[in-house]
Each structure stands twice: as structure tokens, then as C-alpha cells.
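Colleague: I would like the atomic coordinates for the input below:
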Amino acid sequence: MEDITEYMSETAKTVNEEIKKYLTDTTSKRYLGALLGRSRYAYDTMAISKAVVEPAVYLLGRGGKRWRAVFLLTVIEALGKDPKDYLEFSIIPEVIHNGTIIHDDIEDGSEMRRGADAVHVKYGIDIALNLGDFMFFLPMIALLDSEKLDRNTKIKMLETYQRDMLKLSIGQATDIAWHKAMVSPKDVTEAQYLQMAYSKTGVLSSMAAKMGAILSGADEQTTDAIGYFGSTIGVAFQLQDDLLNMTEGGLADMKGGIGDDITEGKVTLLAIKAIERANNEDKSRLVEILGMHTKNPDDIAEAIGIIKKYKADEYTKDLELSLLKEAWSKVDGLIVDSPAKARLRSMAEFMIHRSI
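Modeller: Residues are numbered from 1 along each chain as shown. Model (predicted):
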């Protein structure tokens, strides 16, 4: 079977070219000026370039796997349609995701993203906040201006977008409340964490999957099942992120260093499970360290040690595997066997075995 990382990398290049049509390709009919429509007075193109285009290109140019966009296109192919006919819609979950990254870094106080300064550090919080908002809405122009989709398909796509964006905000709000200690880590349950991970991270991969199914003309049962599978990939992706955050090198180095989640006071499944299993002394100490928002390497190492002592890391990895197995069982019988179907499963497996 083809190398899934090579497939994802090559398809990501195609997605990048689509994004450029909206942000940097002045000859494209979809370029920013065309999207804004005829000016009532006069746009300051230099201001727009400096405060929107430049920081957007900076973030997008720092890399990213583009896997949500690739996933959308792969769903389309697995359901029997040619993904090349729907390339412009692949930017929807990807550009929105990058908007959430900008807001997330501000809300978490993160200074690094993808191995470089976060957007708000490089350009300022005002520009970053506005750009994040812009990126929530920009890609929907691909849908609104499309002449290839009928009205019913557009309505289904818009409904998916609207509901999922609300869920995304609720997931982020929950995460913020937890790391600001508005709710004690001792009171957060595994089910509540998984709901937060679904709302904050899983919902965008669910959006990608459902939009791919809608564009393919799939029935409601298939669309729901693929959406469920997509959301589960997103949850597993978040769980793997949590694990990698306490692993030296790779992702941790690109996002602020090992144990950055502990510095932020994040309530992860690792923390929840360790608190649930720990003796009173270790439980109190872990909760204390999370509340300190410490950058002290010794405190961070102590917290990670408590998490590993109670095998919360092993529990989290096992849960990733079981969640994906269950979600795939809902999809397997609804999609005809094909190379594209095999890629869907391979992408899911890649997400839980990745090191970055």
C-alpha cells in the first residue's frame, strides 16, 4: 500500500495552492479583492496586505499537516467522486483550523507555534485576534460563490458549519475554564474531557468528514457515520497531542517545550486519570502544580512523574486505539473497499502513532 505520509504530503501541496488563490494569487478570480466585492469608497490595499495577508501567509507558511483538508478530499474519493472537482472546499476546515490556532495561542499564553513565534507574538494581539476571526469566515466564500453546488447541498454545508463552529467555541470555553482553575481538576471527569476534546478538536475533523460526504451526495446514515469517525480521529489527535507534550523533542519543542500543558495548567486526560488513581499526597501535589502555572523544570518533571507513576499515559494510549476501532466499525460496512477507503483508515492510524 502507498505510504500514507507521502500521500498526505503531496495532497497537502494541492491544498496549499488552493489557499494561495484566496490570499496571494492576484490573478485568481478568488483573490481577496474579488471576494470583498467592489469597494464603496477605496480599500487600503497596503493595510490589508500588512494586517491580514502577511500574517496569514506567515502562519500557513510555517507548515502544518493539512490533514483535515486531505481527509475531506479522501472521503470524497472513498465515496466515489473525483476529489479534484471539489478542491476549493478542502480549504474550509483547514483555514478555520488555523484561525483557531491563533486564538488558542492567545488564550493559552503560548509564545511558539510550529517552531517559531506565534502570530500574536510576531504581529501583536490586535492583528492576531482580527486575523483569527477573518479565517473563520474566509473559506466559506468557496461555498457561497460556488456555481457547481445546488441550493440544498449549500444549505447542508452551511448548517454543518454553523453548528460545528458553535461547538468549537464551547469546547474552547471549557478548556479555558479548566486551565484558569474556574473548575477544580479533581471535579473534571473523563467523559467531560472527551466532550471538550470533541468540541475543541474533533469537531473540525468531523466537519471535514461530513462536508466530504455531503459533497459526495451520501445519504444521512453514511454522512453521520463518517462524521462520527472524523470526530473520533480528532479526539485521538488531541489525546496524542497531550502525550507528545510530555515527550522530549518533536511536537513539544515546536510548541513551547516539554510539559507546556502543565505550565498552562491544562486539564488533560492524563491529569484526570492520574488524579483519579493517585494517593492523597500525589493527588494534591499534581493539582497544586497545575495551579502554579510554573515554568520550573523540576516541578514540571514532578508532575509528569506522577502522571506516569499511575500509568495515565498508558491508559490514554489504549483509549486512543479503542476509540478509533469502535468508530471505524461504524464506517467499514458503509463504504465500498477501495484504495481511498484504505487511506482513511491509514490516516487515522497515522494520527495516533505520529511523533509530531
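Colleague: what mean pLDDT does the helix or strand where residue 346 lies have?
Modeller: Here residue 346, judged by DSSP states H and E, is contained in helix 339-353. Per-region confidence: helix 339-353 scores 92 on mean pLDDT.
Colleague: which strands and helices lie in contact with that helix?
Modeller: The contact analysis (3 or more C-beta pairs under 8 Å, 6 or more residues apart in numbering; DSSP states H and E) places helix 339-353 against helix 4-23, helix 67-78, helix 220-245, helix 312-332. Every residue, glycine included, has its C-beta placed from N, CA and C.
Colleague: return the distance of that helix from the chain's centre.
Modeller: Using C-alpha atoms, centre = their mean, to the nearest Å, the distance from the centre of helix 339-353 to the centre of the chain it belongs to is 17 Å.
Colleague: measure residue 207 to residue 169 for me?
Modeller: Between residue 207 and residue 169 the distance, using C-beta to C-beta, to the nearest Å, works out to 13 Å.
Colleague: okay, the two: which has more neighbours?
Modeller: Taking other C-beta atoms under 10 Å, residue 207 and residue 169 do not tie; residue 207 has more neighbours (28 against 16).
Colleague: poorly predicted segments of the stretch 251-356 of the chain, please.
Modeller: Scanning the stretch 251-356 of the chain for pLDDT under 70 picks out 251-256, 356.
Colleague: sorry, wrong one. I was asking about the chain.
Modeller: Scanning the chain with the threshold set as pLDDT under 70 gives 1-2, 33-35, 37, 248-256, 356.
Colleague: secondary structure class of the residue lying farthest from the centre of it, three-state.
Modeller: Among residues of the chain, the one most distant from the C-alpha centroid is residue 41; the distance is 37.6 Å, by C-alpha atoms, centre = their mean. Under the three-state scheme (DSSP: H, G, I helix; E, B strand; the rest coil), residue 41 adopts coil.
Colleague: now do residue 344 against residue 84, distance only.
Modeller: In this structure, residue 344 and residue 84 are separated by 18 Å, where distance is defined by C-beta to C-beta.
Colleague: between the two, which has more neighbouring residues?
Modeller: residue 344 (25 against 10).
Colleague: got a list of what the more buried one touches?
Modeller: 71, 74, 75, 78, 229, 331, 335 (C-beta atoms under 8 Å, 6 or more residues apart in numbering).
Colleague: ditto for residue 159
Modeller: Contact criterion C-beta under 8 Å, 6+ apart gives no residues in contact with residue 159.
Colleague: ok so, going back, the inter-axis angle of the helix holding residue 346 versus helix 312-332?
Modeller: The directions of helix 339-353 and helix 312-332 differ by 170 degrees, with axes from the mean of the first three to the mean of the last three C-alpha atoms, to 10 degrees as the criterion.
Colleague: output helix 339-353 as PDB - backbone C-alpha positions only.
Modeller: Taking only C-alpha atoms (Å, rounded to 0.1, in the frame of the first residue of the first chain), the coordinates of helix 339-353 have been written out as PDB:
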ATOM      1  CA  PRO A 339      -7.600   2.500  -2.100                       C
ATOM      2  CA  ALA A 340      -9.300   5.600  -0.800                       C
ATOM      3  CA  LYS A 341     -11.100   3.700   1.900                       C
ATOM      4  CA  ALA A 342      -7.800   2.100   2.900                       C
ATOM      5  CA  ARG A 343      -6.300   5.600   3.100                       C
ATOM      6  CA  LEU A 344      -9.000   6.800   5.500                       C
ATOM      7  CA  ARG A 345      -8.000   4.000   7.900                       C
ATOM      8  CA  SER A 346      -4.300   4.700   7.400                       C
ATOM      9  CA  MET A 347      -4.700   8.400   8.100                       C
ATOM     10  CA  ALA A 348      -6.500   7.500  11.400                       C
ATOM     11  CA  GLU A 349      -3.700   5.200  12.400                       C
ATOM     12  CA  PHE A 350      -1.100   7.800  11.500                       C
ATOM     13  CA  MET A 351      -2.700  10.300  13.800                       C
ATOM     14  CA  ILE A 352      -2.200   8.100  16.900                       C
ATOM     15  CA  HIS A 353       1.300   6.900  16.000                       C
END
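Colleague: if I look at the residue lying closest to residue 207 once chain neighbours are set aside, how far off is residue 206?
Modeller: Counting by C-beta to C-beta, 6 or more residues apart in numbering, residue 164 is the residue found nearest to residue 207 once chain neighbours are left out, at 4.5 Å. Between residue 164 and residue 206 the distance, using C-beta to C-beta, works out to 7 Å.
Colleague: who's more crowded, those two?
Modeller: When residue 164 and residue 206 are compared for neighbours, residue 206 comes out ahead with 27 against 23, by other C-beta under 10 Å.
Colleague: next, find the distance separating that one from residue 66.
Modeller: Residue 206 is 17 Å from residue 66, where distance means C-beta to C-beta.
Colleague: list the buried residues in stretch 189-199.
Modeller: 193, 194, 195, 196, 197, 198, 199 (16 or more other C-beta atoms under 10 Å).
Colleague: residue 196: which element?
Modeller: Under DSSP H and E, the secondary-structure element containing residue 196 is helix 190-197.
Colleague: show me what that helix is packed up against.
Modeller: helix 151-179, helix 220-245, helix 269-277.
Colleague: same thing but 6 Å
Modeller: With contacts defined as 3 or more C-beta pairs under 6 Å, 6 or more residues apart in numbering; DSSP states H and E, the secondary structure elements packing on helix 190-197 are helix 151-179, helix 269-277.
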